[in-house]
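> quick one, structure for this:
(one chain, ligands or ions: 1)
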Amino acid sequence: MSKPETFALVIHGGAGARPGRDYTAALKKLHEILESIGGELAGGGSALDAVVRAVAIMEDSALYTAGRGSAPNSDGFVELDASVMDGSTQNAGAIAAVRAVKNPVHAARTVLEKTDHVLLAGRGAESFLREANIAFIDDSDAYFRQAEPDDGRVHGTVGAVAHDTRGDLAAATSTGGIFRKLAGRVGDSPIPGAGVWADKNIAVSCTGHGEYFLRTAAARSIAALKQYKGLSLKHAMDTFLTAQLKPLGGDGGAIAIDEHNNIAANFTGFGMKYGYITDQLQPTTDLQNAYV
Ligand code: ASP
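So this is what the prediction gives:
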């Protein structure tokens, strides 16, 4: 176990960052989130609250391909996936292929807290969320970012992992999915064990080409490499990326924290927008030099 005063927060704004593109605003927003949510964790806030709040701010910002920044699928609709996992109980909540929800991460938390289920999808999920008073966007055309043909974006996602002063871990992931995905396509982000994982020893949030993260059970694979092979957090993540994801041709990255307050972030291919803060480390953001 870590010392009681230790905490850590790692967040990402999606893998697939391209050389030459200006990510100043996206990185600045990550820095602001680290300062504000890091302050809450330092003051005794819970890991679960921290990851939900951090992801909701990113969803609202329209700077990442999640929430407000999501691009439409091939039928012209934004369909959103999100998940949250509480490491202290291993409870999880998630939504998939849901339209017009303002903050998908709040929807995922509502599934976690108000149902006996883990994942609700599509129209049934929307009915449940309306009844649960989750905020919807009435004019989703005006709210969500319009895709441009030369956008150049392939995919993007936001995520957060946190370790609080009680020693609890949590993870959350939210996405608009892959650019021009088929209607109804669901990626790894809302699937516990693929795009998100949290238990008593680790919290992981992934970003990248979701089909590959599903095929490799990405988040749980990183956890298992640490748990059963005894690898350090960094080594477990690196081993997953190089030995499992890359050989299949997948690209993307992950962020993670373990029960000893170690943090890790790494990716294959293009860069990843990410940042971290701990009781020992100042807020730091980066695009290319992951693997902290
Ligand atoms: N993993 C997400 C998906 O496949 C996209 C991303 O992380 O960029 O839906």
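
> for A97, see how far away L182 is.
Going from L182 to A97 by C-beta to C-beta, to the nearest Å gives 11 Å. Where C-beta positions appear, they are placed from N, C-alpha and C, glycine not excepted.

> same thing with K200?
With distances taken as C-beta to C-beta, K200 is found 31 Å from A97.

> again with G210
Distance, G210 to A97, by C-beta to C-beta: 13 Å.

> and those two? Which one has more around it.
G210 (28 against 22; other C-beta atoms under 10 Å).

> pLDDT score assigned to the single nearest residue of the chain relative to the ligand?
Taking C-beta to the nearest ligand atom as the measure, the point where the chain comes nearest the ligand is G210, at 2.2 Å. The model reports G210 with a pLDDT of 96.

> list the contacts of the residue nearest to it when sequence neighbours are not counted.
Nearest non-adjacent residue to G210, counting by C-beta to C-beta, 6 or more residues apart in numbering: G187, 2.6 Å away. By C-beta atoms under 8 Å, 6 or more residues apart in numbering, the contact set of G187 is 81, 155, 175, 177-178, 181, 195, 210-211, 213-214.

> would you mind putting these into CSV with secondary structure alongside?
Output for these, formatted as CSV (DSSP: H, G, I helix; E, B strand; the rest coil):
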residue, secondary structure
D81, strand
H155, strand
T175, strand
G177, strand
I178, strand
K181, coil
G195, coil
G210, helix
E211, helix
F213, helix
L214, helix
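
> got a quick ChimeraX command for the buried subset of the residues you listed?
Buried residues within the contacts of G187, by 16 or more other C-beta atoms under 10 Å, are selected in ChimeraX with:
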select :81,155,175,177,178,181,195,210,213,214
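
> from the contacts of G187, which has minimum pLDDT?
Model confidence across the contacts of G187 bottoms out at H155, which has 64.

> name the element the closest residue to F7 other than its chain neighbours belongs to?
What sits nearest to F7 in space, not counting adjacent residues and going by C-beta to C-beta, 6+ apart, is L41, at 4.2 Å. Using DSSP states H and E, L41 maps to helix 24-42.

> which elements pack onto that helix?
Contact analysis of helix 24-42 by 3 or more C-beta pairs under 8 Å, 6 or more residues apart in numbering; DSSP states H and E lists strand 8-17, helix 47-61, strand 155-163, strand 271-278, strand 284-286 as its packing neighbours.

> alongside the ligand, which residues does the chain contribute?
For the chain, the residues in contact with the ligand under the definition C-beta under 6 Å from any ligand atom are 14-16, 155-157, 175, 177-178, 187-189, 195, 207-210, 213.

> ok, residues contacting stretch 279-290?
By C-beta under 8 Å, 6+ apart, stretch 279-290 touches 5-8, 17, 23, 27, 30-31, 34-35, 38, 42, 253, 261, 265-267, 271-277, 292.

> please enumerate the strands of the stretch 151-292 of the chain.
Shown for the stretch 151-292 of the chain, the strands assigned by DSSP state E, counting those that start in this stretch span residues 155-163, 169-178, 196-198, 202-208, 252-258, 263-267, 271-278, 284-286.

> give me the low-pLDDT residue ranges for the stretch 101-250 of the chain?
Across the stretch 101-250 of the chain, the ranges flagged by pLDDT under 70 are 141-143, 145-155.

> would you map the helices across it?
With DSSP state H, counting those that start in this stretch, the ranges of helices along the stretch 101-250 of the chain come out as 104-114, 122-131, 140-143, 210-215, 218-229, 233-239, 246-248.

> buried deepest among those helices, which one?
Here the criterion is mean neighbour count by mean count of other C-beta atoms under 10 Å, and of these the winner is helix 104-114, at a mean of 25.

> centre of the chain to it, how far?
In terms of C-alpha atoms, centre = their mean, to the nearest Å, the centre of helix 104-114 is found 14 Å from the chain centre.

> that helix to helix 122-131, inter-axis angle?
Per axes from the mean of the first three to the mean of the last three C-alpha atoms, to 10 degrees, the angle that helix 104-114 makes with helix 122-131 is 80 degrees.
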